[in-house]
Every structure is written in structure tokens, then in C-alpha cells.
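J.: Sequence and predicted structure, then a few things I'm wondering about:
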There are 2 protein chains.
Amino acid sequence: MKIGIIGSGVVAQTLGAKLIELGHDVVLGTRDPAKLDEKKNMAGTLREWLAKVNKANKKGRVATFQEAAAHGDLLFSATHGQASIEALTLAAADKVGTKVLIDTGNELDFSKGMPPGALASQSNCLGERIQAAFPNLKVVKSLNTIGAQVMVAPQALAGGEHTVFVSGNDAPAKAAAAELLKSFGWKDVLDLGDISSARGPEMYMAMWLRLWGATGTGMINVKVVR
Amino acid sequence: MKIGIIGSGVVAQTLGAKLIELGHDVVLGTRDPAKLDEKKNMAGTLREWLAKVNKANKKGRVATFQEAAAHGDLLFSATHGQASIEALTLAAADKVGTKVLIDTGNELDFSKGMPPGALASQSNCLGERIQAAFPNLKVVKSLNTIGAQVMVAPQALAGGEHTVFVSGNDAPAKAAAAELLKSFGWKDVLDLGDISSARGPEMYMAMWLRLWGATGTGMINVKVVR
């Protein structure tokens, strides 16, 4: 599948590498694709990423936000949460027609020290705001409840016996997202409902940050028991 | 142990009945103890509760908020979250000296239909507000992440293989809370940190409400995998 990833930090690079490994045709979108040697958020440079993913007959590319958005039949939003709307605007995501967008973002406040604050609330939900700003996209909130490493390797934690969530207004879009998640190794993909249900996983980030602090590792998640 | 419960709805009645079953000396505090026949929030009347818990040599009592707070060597706050500060004020909880208070509350907004909104945020944490308002109490946030039935019977769900959280500034108070939780059957009591870490489980309520909606049952919880 042709996949465009808006973002180039640790989440974007990790998702991109996994998708390429699975055989997808991936373009990573970044603000300035000429800056291949700039150290990215919690990740290596894009030159290092390209060296890692481009082997044998598999290929990944780095391009502008706009090229990534145009390339993908399915898109990921993988910037910092606070930057997502701006990045999607720069990507001209309003002009790419009807596409599934998987939004992985969290809005975090680092201004008051560690742990950062999770800025989601009943009246501030990034997934809902993206859906409202880009009605042509079929937004699916997912993957924002776990660290990048766990996103693409759920089986590395507790034998994969834990849960990932999808929220969105469009059932086929959620099914497409769930299929990708299953290809990553996810066994328990729980549909929370329409895009307003993204408030749940977004506000949960406050819990994740405290679990991270209490356990001292980002290799954590929750399994929903029912 | 002498235990005072501030509140008389479903959480208070369920916790009270379990504590009495375990042999504790429990007083349930309510705004007007004369109203024994008033239907309580999602629960039966207090007359029904008294009939249920007072059998053989075991006893529970219903009294004012103030009597419950004076009675308990350990206290529970088990009102609606929005009513907690007022109920503790009516209970004269500032005048009972140093006591452990386990705060089980969630602030929920039912004004916009179902599911209700979880009002907790980075800048609105009930556990922190109770601790600030009653510095004589050693506040432990716990049990707000599950329904009343699961609180006192964790083994009824997934063999008890799931997690309950404690947050608070005082380590011995958290240890006392954890001991009570273990007597209920909890196997995994996770200490999240000081009372500011209560933002995690309070904001998680937004997730719980969506899990409840998606699964159609309140018999749900999460197991933290790490």
C-alpha cells in the first residue's frame, strides 16, 4: 500500500520502518527534507533512517509534508500533537480527497517539568479537531496510548496480550486501520466508537505518563479485561 | 478497624457492605440520616442496606457525615466527585485530626447526555483539591478507575488479573490503603506516586466511560502489562 506519514520524529520513523519492512511504499513527510542530518525528536537523523530502511529491494523516501500527503492512499499523522494541525495544513491535507488518516498524536505540556502534562480534556480532543478541520479525511485515532517501540512490536511486551484502540466516524476506515495494526502483531484492537471517543485514549495519556514514571519504562501498556 | 464512609450511594453502600463482611466497624455518613427510605444513587435505600449488612454479629450504622468522619480511624470519600469537598466540609473533616482518607471520587458531567464527560484535567484533580483543602488528612486516591461491583470483588473479573492504583503523598497511608485493597482480593496494587499522580487515574475515567460504552458492561478494568 502507498502510505504517507506526516512527521519525522521517533513515532514517524518507527512506524515508517515497520511499514517498509512489511512491504509498503512509504514517504515520510518533513518540514524541510533538505535537512537530512538534523537530529530528530528522540530519534536519529533522517539520513540514518534512510540508510536503515533502504536495503535489498525495500525503499523509503523522505519528502515534504505535501508530497507525503499526496503519495499515501493511507496517511498517518505522527507529529507532536501541538504541531499536527499546522503540519496537516502545510501538507494541504484538505486537497488530497478522501483518505484514511490515522492520528497518533498527543498534546503534551513540557513547560512545567517532568512528567509533562497531558492537555487533552473533554473540551480539547486533537482527533476531533483534526476531523473537524479536514472533513475530507476519515480520521481514525489510534496508537497514541503506547510508546513507539510497542506500537510496531506488541509481541515484545507480555506476549502481545494487551490492547490498542481505534476511534473514528467511518467503519471501513477503522477496519483498514485495524488490519494494519494486526499486521504489526496486535491481537486485541478495541473499537471505542466515533471520533468523540478519542477523548478516552487522549485523556488516558495522563495515566500512561504516570505509569511510565512509576515503572521507569516506556515498555508498558494496558490489557482491557472484560 | 473503625471506618467512616462519607457518602451513601452505590459506591458507599458497596464498600460499606464489604468492609462489614470483613469484620470492620463501619459508619456510613449521609446528609440526612433520617431519610432511610430515600432511593440512593444507583443503589437501594439505606433501610435496605441496613437490613442486608446487619446479620449475625456484624453491624453497620448510618449517621451524619460528621459522625462518620469522627468514627473512622480510616475514612473513605465516596460521594459524587462534585459533592466531595462540600460533604467533607459538612463532615468537619478538618477537625478530625490526622487520618487516612481514601478518595474514590470522579467528577462527571451528565449535562450533555451519555456518556457523561470526565471533568478531570491537568488543572482539575479532585484528589489534589481534597488534599489541599484538608491538610490534616492523608489523602490516597484509589478505586476511582472501576465500578463499585469490581472494587470489592476483583476476582469476579478475569480471575482478578487486573490493576488498581494508589496515589498519595504519605507512604504509610498508601500502605494502609493497599492492605485494605488486598483484603478485598486485589493482587496488583500499583503505586503511581504523590497525590499529583491522581491526575492519571482521574483523567483515565474518560477512557473507562468509553470502554463501558464499547463493551456494554461495567464489569471491566485494565491490567497494566510491564
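T.: Yep, it's here.

J.: can we go C-alpha only for contacts and neighbour counts from here?
T.: Will do.

J.: Please save the CA atoms from stretch A:78-96 in PDB.
T.: The C-alpha trace of stretch A:78-96 is given here as PDB (Å, rounded to 0.1, in the frame of the first residue of the first chain):
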ATOM      1  CA  ALA A  78       2.800  11.400  13.600                       C
ATOM      2  CA  THR A  79       4.000  14.800  14.600                       C
ATOM      3  CA  HIS A  80       3.800  16.300  18.200                       C
ATOM      4  CA  GLY A  81       0.200  16.800  18.900                       C
ATOM      5  CA  GLN A  82       0.600  20.600  19.100                       C
ATOM      6  CA  ALA A  83       2.000  20.600  15.600                       C
ATOM      7  CA  SER A  84      -0.400  18.300  13.900                       C
ATOM      8  CA  ILE A  85      -3.000  20.700  12.600                       C
ATOM      9  CA  GLU A  86      -0.300  23.000  11.300                       C
ATOM     10  CA  ALA A  87       1.600  20.100   9.600                       C
ATOM     11  CA  LEU A  88      -1.600  18.800   8.000                       C
ATOM     12  CA  THR A  89      -2.300  22.300   6.800                       C
ATOM     13  CA  LEU A  90       1.200  22.600   5.300                       C
ATOM     14  CA  ALA A  91       0.600  19.200   3.800                       C
ATOM     15  CA  ALA A  92      -2.500  20.600   2.000                       C
ATOM     16  CA  ALA A  93      -4.400  17.600   3.500                       C
ATOM     17  CA  ASP A  94      -7.600  19.400   2.700                       C
ATOM     18  CA  LYS A  95      -6.900  18.900  -1.000                       C
ATOM     19  CA  VAL A  96      -6.000  15.200  -1.200                       C
END
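
J.: what does it contact?
T.: By C-alpha atoms under 8 Å, 6 or more residues apart in numbering or on different chains, the list of residues contacting stretch A:78-96 from outside reads A:5-9, A:11-12, A:31, A:64-70, A:77, A:103-108, A:126, A:130, A:133-137.

J.: Quick one: buried ones out of those?
T.: Buried by 16 or more other C-alpha atoms under 10 Å in any protein chain shown: A:5-9, A:11-12, A:31, A:64-70, A:77, A:103-108, A:126, A:130, A:134, A:136-137, out of those.

J.: Return the distance of stretch A:77-94 from the chain's centre.
T.: With C-alpha atoms, centre = their mean, to the nearest Å as the basis, stretch A:77-94 stands 12 Å off its chain's centre.

J.: Please read the previous query as pertaining to stretch A:12-32.
T.: Offset of stretch A:12-32 from its chain centre (C-alpha atoms, centre = their mean): 11 Å.

J.: Write out the residues of chain A neighbouring chain B.
T.: A:117-122, A:157-158, A:162, A:191-193, A:197, A:199-201, A:203-211, A:213-215, A:219-226 (C-alpha under 8 Å from any C-alpha of the partner chain).

J.: rewinding a little: please narrow the buried ones among the contacts of stretch A:78-96 to those residing in strands.
T.: A:5, A:6, A:64, A:77, A:103, A:108, A:137 (DSSP state E).

J.: Show me which of these is closest to chain B.
T.: Relative to chain B, the closest of those is residue A:108; by C-alpha to the nearest C-alpha it sits at 10.3 Å.

J.: what's the closest non-adjacent residue to that closest one?
T.: Leaving aside its sequence neighbours, residue A:108 sits nearest to residue A:118 (C-alpha to C-alpha, 6 or more residues apart in numbering or on different chains; 4.9 Å).

J.: for the one you found, phi and psi?
T.: Dihedral pair for residue A:118: phi -90, psi 120, per degrees, to the nearest 10.

J.: Would you confirm that it contacts residue A:106?
T.: Yes - contact status for residue A:118 versus residue A:106: in contact at 7.4 Å, counting by C-alpha atoms under 8 Å.

J.: Find residues that contact each of the two.
T.: Residues touching both residue A:118 and residue A:106 (C-alpha under 8 Å, 6+ apart) are A:202, A:205.

J.: what's residue A:117 sitting at in phi/psi?
T.: The phi and psi values for residue A:117, taken as degrees, to the nearest 10, are phi -90, psi 140.

J.: now swap in the one 5 residues further on and tell me
T.: In terms of degrees, to the nearest 10, the main-chain angles of residue A:122 are phi -60, psi -30.

J.: Also residue A:62?
T.: phi -110, psi 130.

J.: Which residue comes closest to it once chain neighbours are left out?
T.: With sequence-adjacent residues excluded and distances taken as C-alpha to C-alpha, 6+ apart, residue A:62 is closest to residue A:28, at 4.8 Å.

J.: Just list what the host helix or strand of the one you found packs against, helices and strands only.
T.: Taking DSSP states H and E as the definition, residue A:28 sits inside strand A:25-30. Other helices and strands packing on strand A:25-30, by 3 or more C-alpha pairs under 8 Å, 6 or more residues apart in numbering or on different chains; DSSP states H and E, are strand A:2-6, helix A:10-21, strand A:60-64, helix A:65-71.

J.: Let's have these in JSON lines, adding mean pLDDT.
T.: Below are these laid out as JSON lines (pLDDT from 0 to 100):
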{"stretch": "strand A:2-6", "mean pLDDT": "98"}
{"stretch": "helix A:10-21", "mean pLDDT": "97"}
{"stretch": "strand A:60-64", "mean pLDDT": "97"}
{"stretch": "helix A:65-71", "mean pLDDT": "98"}
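
J.: distance of the nearest residue to residue A:160 once chain neighbours are set aside from residue B:29?
T.: Leaving aside its sequence neighbours, residue A:160 sits nearest to residue A:154 (C-alpha to C-alpha, 6+ apart; 4.9 Å). In this view, residue A:154 and residue B:29 are 47 Å apart by C-alpha to C-alpha, to the nearest Å.

J.: Give me the buried positions along the longest helix seen in chain A.
T.: Longest helix in chain A, counting residues (DSSP state H): helix A:199-215. The neighbour-count check on helix A:199-215 (16+ other C-alpha under 10 Å) flags A:199-213 as buried.

J.: Give me the contact list for the helix or strand containing residue A:192.
T.: Assigned by DSSP H and E, residue A:192 belongs to strand A:188-193. Applying C-alpha under 8 Å, 6+ apart, the external contacts of strand A:188-193 come out as A:161-169, A:174, A:178, A:181-182, A:198, B:210-211, B:213-214.
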